[in-house]
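> Predicted model follows, preceded by the sequence.
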Amino acid sequence: MTDRPPRILVVDDEPQICKNCVKILEKLDYEVRYALNGRDALEMIAEDGFDVVVTDLKMSRMGGMEVLRQVAERFPDTRVVVITGYASVSSAVETMKLGAFDYLPKPFSPDELRSVVGQALEERRSLLQNRRLRQERERPSGPVSHQLVGNSGKMQKVVSMIQKVAPTDANVLVYGESGTGKELVSRAVHANSLRKDRVFFAVDCGTLSGDLLENELFGHAKGAFTDAHQEKKGIFTQADGGTVFLDEIANVDTEVQGKLLRFLESREFLPLGYTKPVKVDVRLIFATNRNLQEMVLEGSFREDFYYRIFVYPIMLPPLRERREDILPIAYHFLEQFNRKMNKSIEGFEREAANRMTNFQWPGNVRQLRNAVERAAILCEGRQITMAELPVLSEIEEIEHLIEHVPSTNEELKKIKKEIRQKAVAQVERNFVRNALAQNDWNVTQAAKAVGLQRPNFHNLMKKHNITLPK
């Protein structure tokens, strides 16, 4: 919709009813016109377009039922409200099946008319917003996107940095909070590089100990140790000519950091049990959610290795710092889950969309994805409502209550801040406990279910003194 006032068309063969409706609705700054029969109404809709049509069901020249059928077929974005006498309520219910937004029994009050028209306009706004966001998602984009969603300035900067570095062989460090999409950025770098037709390996360094990680990356010779019954080709050998993404590089011990440093300098490595080094052409992309500079100062991260991988850093902003991207990302996930679940959910109701946009999303894109998936499973209507987003509803309700507490001086503002912190902490505590309870108190499964990495989820448990039952 544009910034023009909403356009309402009243259709009834009784002129006085039309004039009364116009008078009531014009007080809301709507642009209101009327027609005395269905044929004239359809001509007016075709010529000028209307957002909502309020039509009587029984009219001498083309009744409201036929108006409804033709509007639904020719002008699907227009919402139709049917006016009916009490004796025709059953017929009005039938019109709902044909696509009417609602029906209004006669006699109706001005408040009832204003309310139903306002609701019809709200549904139309939501419909158009859903379509616009869906079209933005479906708009063809260059290969750089690689499922990167978002038109915010910060994401456009990320895309620009990917475009510049992708054609080179420079080392890339992607950093940002957990769940921001660091692997997607890495895959986008690979997809836009000269190596795009070769293999891409993603390695989670946080799940492997030093010896296991070294073995996975470099491999070993047959007989290199007791259980080495055959030769193992490491990831670096398998990825020759391609790209290896090392996620959570901060978790790698200093010994393996040293071996990676030597590889970056010479492009060769010595698998366990080999007598001659192996030389490969592999591009490395690193990622972390921790502050590597602080780790260097603490002595837990090698300074020389840090400067070697910090050639081209790409910072991924958290979702709360690019709120304009939240709904496009949510629609991107909704499309995926519609296909996966064979559903046809159109989008999000206005209240749900607003609260999603205002939510902090501590788990970032990963948490948003899980929330949309859960909502899609629960949703049985055309749009996802707040009922399918319970955690957001609880937090927003707290915020709503707090905002209505007067804050006329600094002391009251301080009290409000403390109340908000305690309230959100309680929601957070319940959020963690519920996730654990729903996953049989399995920390790994609970963390995955809510879109957080296990260490971060465990930190939340420690923060709120949540322990597993014995």
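Cool, got the structure.
> can you map out the strands along the stretch 351-470 of the chain?
Listed in chain order, the strands of the stretch 351-470 of the chain (DSSP state E, counting those that start in this stretch) span 383-384.
> low-confidence ranges in it?
390-427, 451, 470 (pLDDT under 70).
> Repeat the analysis, applying 90 as the threshold.
Along the stretch 351-470 of the chain, segments meeting pLDDT under 90 span 351-364, 366-367, 370-371, 374, 377-382, 385-470.
> Also the stretch 151-300 of the chain?
In the stretch 151-300 of the chain, residues with pLDDT under 90: 151-153, 156, 178-179, 204-212, 220-233, 271-275.
> what about the helices in it?
153-165, 182-191, 210-218, 235-238, 254-266, 292-298 (DSSP state H, counting those that start in this stretch).
> Of those helices, which stretch is the most buried?
helix 182-191 (a mean of 22; mean count of other CB atoms under 10 Å). Using the backbone N, CA and C atoms, a C-beta is placed for each residue, glycine as well.
> Reformat the helices of the stretch 151-300 of the chain as a markdown table; add distance to Leu128.
Shown next, in a markdown table, are the helices of the stretch 151-300 of the chain (distance: least, CB to CB, whole Å):
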| stretch | distance to Leu128 |
| --- | --- |
| helix 153-165 | 24 |
| helix 182-191 | 29 |
| helix 210-218 | 51 |
| helix 235-238 | 48 |
| helix 254-266 | 52 |
| helix 292-298 | 46 |
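> Just the element for the residue nearest the centre of the chain, please.
Central residue of the chain (CA atoms, centre = their mean): Ala330, 3.1 Å from the mean position. Taking DSSP states H and E as the criterion, Ala330 maps to helix 326-341.
> report the angle between the axes of that helix and helix 153-165?
Angle of helix 326-341 versus helix 153-165, following axes from the mean of the first three to the mean of the last three CA atoms, to 10 degrees, is 70 degrees.
> What is the distance between helix 326-341 and the centre of its chain?
Chain-centre distance of helix 326-341: 8 Å, with CA atoms, centre = their mean, to the nearest Å.
> Select, out of the helices of the stretch 151-300 of the chain, the one closest to Trp361.
helix 153-165 (14.6 Å; CB to CB).
> hang on, isn't the residue nearest to the centre of the chain packed against Val365?
No: with contact defined as CB atoms under 8 Å, Ala330 does not reach Val365; the gap is 9.9 Å.
> re the thing from before, nearest to Gly38, of the helices of the stretch 151-300 of the chain?
helix 153-165 (49.0 Å).
> counting contacts, what elements does the closest one pack onto?
Packing partners of helix 153-165 (3 or more CB pairs under 8 Å, 6 or more residues apart in numbering; DSSP states H and E): helix 182-191, strand 312-315.
> buried residues in the shortest one?
By neighbour count, with 16 or more other CB atoms under 10 Å as the criterion, the buried positions of strand 312-315 are Tyr312, Ile314.
> burial of the closest residue to Gln293 other than its chain neighbours, as a residue count?
The shortest distance from Gln293 to any residue other than its chain neighbours is 7.4 Å, reached at Tyr306 (CB to CB, 6 or more residues apart in numbering). By the criterion of other CB atoms under 10 Å, Tyr306 has 17 neighbours.
> For Tyr306, give me its contacts.
Leu292, Gln293, Val296 (CB atoms under 8 Å, 6 or more residues apart in numbering).
> Take the residues you listed and write them to JSON lines, including distance to Lys343.
Formatted as JSON lines, the contacts of Tyr306 follow (distance: CB to CB, whole Å):
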{"residue": "Leu292", "distance to Lys343": "43"}
{"residue": "Gln293", "distance to Lys343": "46"}
{"residue": "Val296", "distance to Lys343": "49"}
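> and which of the residues you listed is nearest to Gln383?
So of the contacts of Tyr306, ranked by how close each gets to Gln383 (CB to CB), first place is Leu292, at 43.3 Å.
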